[in-house]
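Engineer: Provided below are the primary sequence and the corresponding predicted coordinates.
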Amino acid sequence: MALTRLFARGLAPWLAALVFCATPALAQDPETGSQSGAAAGETAEAAADAGLAEISRMSDYIGGLSSFEFEAATLFDEPAVSGTPDKRASAFHLAVKRPNKLAMTATFDDGSERKLWFDGTTVTLANVSAKTYIELPFDGDIDGLVDAVESRLSMVVPPLAFAISDPFARLEENAIAADFIGERTLGDETTRVVRIETVDTVRQFWIADGDAPLPERLVTTYIRETGHPEMVTNFRSFSEETVPDAAFQAEIADDWTEVPLNPGE
C-alpha cells in the first residue's frame with residue numbers, strides 16, 4: 001500500500017477533531033442611473049483580476065519563505081443534533097521549514113489538544129489529552145503531507161493551506177468568481193480584502209498591505225454543507241525567522257501510549 005494512503009488512513013482518528021461584504025460601488029449609466037451591460041462586465045472582470053492578483057501576491061510571498069511560524073485562532077460552526085450550528089473555538093500554532101519539516105499544535109475549547117510533527121521521514125500524531133500517539137513513515141515533502149491530510153478529510157484545513165509551496169494555486173485554478181472588495185483597517189494596519197468563490201466554498205481573505213502581504217484573517221463558508229457552516233481564522237504572531245530543527249522532533253512523554261495501526265490497513 002502506498003505510504004500516502006497508509007498515512008491518510010492512520011490520520012482518521014486524530015483529524016476528526018480538526019474538522020468541525022460589501023462590494024465596491026459600480027459605475028452608473030449617466031442617462032438611466034443603472035449600470036450598462038458593458039460597464040458591468042468590465043467592472044466585474046477588473047475586480048476579479050484585482051482579487052486574483054492579491055491572492056497570487058500573498059501566495060508567492062509565503063511560498064517563497066524557507067521557514068516561518070504563526071499562531072491562528074479560529075471560530076467555527078459545528079452542526080448540532082437539532083440542526084442549529086454550535087459555535088466552537090480552537091487555536092493553532094504552525095511551524096514550517098521547507099521542504100519537509102512541519103509542526104502543528106491544535107487546541108480546542110473542550111480542553112483537548114492535538115500535536116503533529118513531521119521531521120522529514122516520520123509523521124508523529126499525538127492526542128495529548130488522551131496521552132496517545134501514532135507514528136507513520138512518510139517519504140515526501142510538506143506538499144505531499146498536506147495533500148494526504150486534505151484528501152482524508154475531503155476538505156481544506158485553513159492553517160495547513162499556508163504551509164505548502166504554492167499555497168493557493170489550486171484555489172485560483174478552481175475559482176468560479178473573484179472580487180477585490182477593497183481596503184479595510186485592523187487597528188493601525190491596512191488590509192486588502194478579497195472574495196474567492198469555488199464550487200465548495202466562499203473565502204474572504206484579509207491580506208496585509210505593503211511589502212509583506214501576510215494573511216490577517218480568513219473567513220471560509222462551506223456552501224455545499226447544510227446550513228453553510230463557517231470558519232473564521234484570525235492570524236497573529238507571524239514570524240519569518242528560521243525555525244530550529246528541534247521544533248520538528250516529536251516530544252513524547254513517558255506515560256503516553258503508542259497506538260498501533262490496524263494490521264489490515
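Structural biologist: On my side now, so go ahead.
Engineer: okay, CA-based contacts and neighbour counts for the rest of this
Structural biologist: Noted.
Engineer: show me the biggest helix of the protein in terms of residues.
Structural biologist: In the chain, assigned by DSSP state H, the helix with the most residues is helix 37-63.
Engineer: just checking, next helix/strand downstream of it?
Structural biologist: Counting by DSSP states H and E, the next helix or strand C-terminal to helix 37-63 is strand 67-79.
Engineer: Direction included, what does that next one pair up with?
Structural biologist: Strand 67-79 has its sheet partners listed here by DSSP bridges as strand 85-97 (antiparallel), strand 230-239 (antiparallel).
Engineer: The closest residue in space to Arg184 that isn't next to it in sequence pairs with what?
Structural biologist: Excluding the flanking residues, the one nearest Arg184 by Cα to Cα, 6 or more residues apart in numbering is Thr191, at 5.2 Å. Beta bridges link Thr191 to Arg184, Ala208, judged by DSSP bridges.
Engineer: how close does Thr201 sit to Glu230?
Structural biologist: 9 Å (Cα to Cα, to the nearest Å).
Engineer: Could you list the low-confidence segments of this structure?
Structural biologist: Applying pLDDT under 70 to the chain picks out residues 1-42, 79-85, 153-156, 261-265.
Engineer: list the contacts for the residue minimising distance to the centre of it?
Structural biologist: Per Cα atoms, centre = their mean, the C-alpha nearest to the average position across the chain is that of Pro158, at 1.5 Å. By Cα atoms under 8 Å, 6 or more residues apart in numbering, the contact list for Pro158 reads Thr233.
Engineer: so the closest residue to Leu136 other than its chain neighbours bridges to which residues?
Structural biologist: In space, and not counting its chain neighbours, Leu136 is closest to Val123: 5.2 Å by Cα to Cα, 6+ apart. For Val123, the beta-bridge partners under DSSP bridges are Phe118, Leu136.
Engineer: so what's Val123 up against?
Structural biologist: Leu116, Trp117, Glu135, Leu136, Pro137, Phe138.
Engineer: Just the buried ones from these, in PyMOL syntax?
Structural biologist: Per 16 or more other Cα atoms under 10 Å, the buried members of the contacts of Val123 correspond to this PyMOL selection:
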select buried, resi 116+117+135+136+138
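Engineer: if we can go back for a sec, so what's the residue nearest to Arg184 up against?
Structural biologist: Thr191 touches Glu183, Arg184, Thr185, Trp206, Ile207, Ala208, Asp209, Glu216, counting by Cα under 8 Å, 6+ apart.
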